[in-house]
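Colleague: All I have is the shape, not the residue letters:
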């Protein structure tokens, strides 16, 4: 069971106790009623699992129940919309993947919110890279050979994703653009279909979560050629990063992430209190192990760190979206 984070426990330590005492009185007295944590995905999904890993110790720390509210739809957008629709005096928050804050404004005409003005970032929770995979019969054994093959055969190597604007689709387009290659996109309805098509030789490649590929690699049916994080990923430590390979920029990075958010206008003391509690939760080795088991690596930081990440990724993916829409 996740260890308790009662206020009396962490205030006992001198350094943390001083920080605790420096919190404004409002933040120390808040909350006086249960909190609601909106997640735009169904029960059992990665964002839901992450939300529940956070909710239990957060409830213990705050002394109030933290209720996870699943509002699936539109790639997580519905969860953000539902969070913003509540009028409960600062008791509704959200855990979301990056899409609703970075790509949705470019892909959905009537989004109903502006991440820059309607969202108060609380903190990044965890990141997850994707791996470039091919079937075991594909001739390339590393990313450099794959890129060389693609350059020699423009438009002939096919890749699958779960549709236009999905993380796998945009990652593949970013990869192709940065590598100076042309790939042929085939959209599917699910990652299971993408995987089956790669294993069956119907398509050549795709980007997927490391956890989805490991079993097939161990069975000798699939190869992982590279990973999209800037550093090796603990779940698949032997898979090299794509950055710097065969002409790819040294700073190449394309990650999924989960973050804790609040509606704009949330009291700054509350945001700081939530960020501090989130940092303590993510420092727990048990939480880190549980997140890694489902393919996520903890990435705590300040609200300002999350704000910068949203802005950077919005700009990066915006360029990719504009390029793909122009080509279409």
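Modeller: Here it is on my side, so go on. Just so it is clear, the structure is predicted and the values come from calculations on it, not from any experiment. Numbering: from 1, shown residues only.

Colleague: Can you pull the domain assignment for this protein?
Modeller: Domain assignment for the chain by automatic domain parsing gives 7-128+255-322, 131-253.

Colleague: residues touching residue 191, list them.
Modeller: 162, 168, 208, 209, 212 (CB atoms under 8 Å, 6 or more residues apart in numbering). The C-beta positions use only the backbone N, C-alpha and C, and glycine is treated the same way.

Colleague: how close does residue 128 get to residue 36?
Modeller: As judged by CB to CB, to the nearest Å, residue 128 and residue 36 stand 25 Å apart.

Colleague: Check residue 289 too.
Modeller: 27 Å.

Colleague: Next: residue 72.
Modeller: 16 Å.

Colleague: picking that back up, include mean pLDDT when you put the domains of the chain into TSV, please.
Modeller: As requested, those are arranged in TSV below (pLDDT from 0 to 100):
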stretch	mean pLDDT
domain 7-128+255-322	90
domain 131-253	95
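
Colleague: returning to what we had before: more neighbours, residue 128 and residue 36?
Modeller: residue 128 (25 against 18; other CB atoms under 10 Å).

Colleague: residues touching the more buried one, list them.
Modeller: Counted by CB under 8 Å, 6+ apart, residue 128 has contacts 46, 209, 210, 255, 256, 257, 295, 296, 297.

Colleague: quick one: residue 318 and residue 107 touch, right?
Modeller: No: the pair residue 318 and residue 107 does not pass the contact test of CB atoms under 8 Å, sitting 10.1 Å apart.

Colleague: Which strand runs longest in the chain?
Modeller: Once the chain is assigned using DSSP state E, the strand that runs over the most residues is strand 119-129.

Colleague: so residue 249 touches residue 242, yeah?
Modeller: No: with contact defined as CB under 8 Å, residue 249 does not count as touching residue 242 (9.7 Å).

Colleague: And residue 224, which helix or strand is it part of?
Modeller: strand 222-227 (DSSP states H and E).

Colleague: so what strands line up beside the helix or strand just after that strand?
Modeller: Toward the C-terminus, strand 222-227 is succeeded by strand 255-263 as the next helix or strand (DSSP H and E). Pairing partners of strand 255-263, with direction, according to DSSP bridges: strand 92-97 (antiparallel), strand 119-129 (antiparallel).

Colleague: Which of those strands sits closest to residue 67?
Modeller: strand 92-97 (9.9 Å; CB to CB).

Colleague: ok, and for whatever helix or strand residue 69 lives in, which residues are buried?
Modeller: Applying DSSP H and E as the criterion places residue 69 in strand 66-70. By 16 or more other CB atoms under 10 Å, the buried positions in strand 66-70 come out as 66, 68, 69, 70.

Colleague: same question, stretch 252-264
Modeller: 252, 253, 254, 255, 256, 257, 258, 259, 260, 261, 262, 263.

Colleague: And stretch 300-320, by the same measure?
Modeller: Buried, per 16+ other CB under 10 Å, within stretch 300-320: 300, 301, 303, 306, 307, 309, 310, 313, 314, 316, 317, 320.

Colleague: Please work out which residues outside it touch it.
Modeller: 98, 101-103, 105-106, 115, 120-125, 170, 173-174, 177, 257, 259, 271-272, 275, 278-279, 282-283.
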